[in-house]
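[1] Mind looking at a prediction? Sequence and model below.
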Amino acid sequence: MDSTEGHSERAPGTTTIAPGVLVTIARLTALRVPGVVRLANLPGGVNRLFRRGSGEGVRIEVEENTVSVDLYVELSRDINVREVCAQLQSEVTRAIHDMVAMDVERVDVHVMDISYDDPVE
């Protein structure tokens, strides 16, 4: 018997990742990107309450071992929206791939608002 046998093979059994775990990974990663003020409410009213893989500002769909992500964000003013969205896509893709070894088909970013926290005079 070769000494490497048994060490390189995967143990029998399965690993299941709950959609909520993927939502949490995407949500926390998105909130760390500079320029993201907060995650916005998901559109869709009551129907969103019954969808699996939905959380504050994040909708996740999983088919086989591939993840699709929709992020609904509010961004700060005086930033380059295109650059922040590209960084969101890159960071969320990397986090999901690194943490749960799943492929990411797409990360769609929906900019729902720009934050102007300065009081209006």
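    Sure thing, it's come through. Numbers count the residues shown, from 1 in each chain.

[2] how about residue 16, secondary structure?
    Secondary structure for residue 16, judged by DSSP: H, G, I helix; E, B strand; the rest coil, is coil.

[3] Neighbours of it, how many?
    5 (other C-beta atoms under 10 Å). All C-beta atoms are positioned from the backbone trio N, CA, C, and that covers glycine.

[4] What residues of stretch 101-118 count as buried?
    102, 104, 107, 109, 111, 112 (16 or more other C-beta atoms under 10 Å).

[5] Residues contacting it, please?
    17, 22, 26, 37-38, 40-41, 62, 65-77, 81, 85, 88-89, 92-93, 96-97 (C-beta atoms under 8 Å, 6 or more residues apart in numbering).

[6] Repeat the analysis, applying 6 Å as the threshold.
    With C-beta atoms under 6 Å, 6 or more residues apart in numbering as the test, stretch 101-118 has contacts from 37, 40, 65-72, 74-77, 85, 88-89, 92-93, 96.

[7] Repeat that for stretch 36-45.
    With C-beta under 6 Å, 6+ apart as the criterion, stretch 36-45 contacts 30, 48, 54, 56, 57, 72, 73, 74, 76, 112, 115.

[8] Check stretch 74-91 too.
    Under C-beta under 6 Å, 6+ apart, the answer for stretch 74-91 is 29-30, 33, 35, 37-38, 40, 107, 109, 111-116.

[9] Show me which of the buried residues of stretch 101-118 is closest to residue 9.
    Ranked by distance to residue 9 (C-beta to C-beta), those are led by residue 102 at 20.9 Å.

[10] From residue 92, how far off is residue 112?
    Noted for residue 112: a distance of 16 Å to residue 92, by C-beta to C-beta, to the nearest Å.

[11] Name the SS class of residue 22, please.
    Assignment for residue 22 (three-state DSSP): helix.
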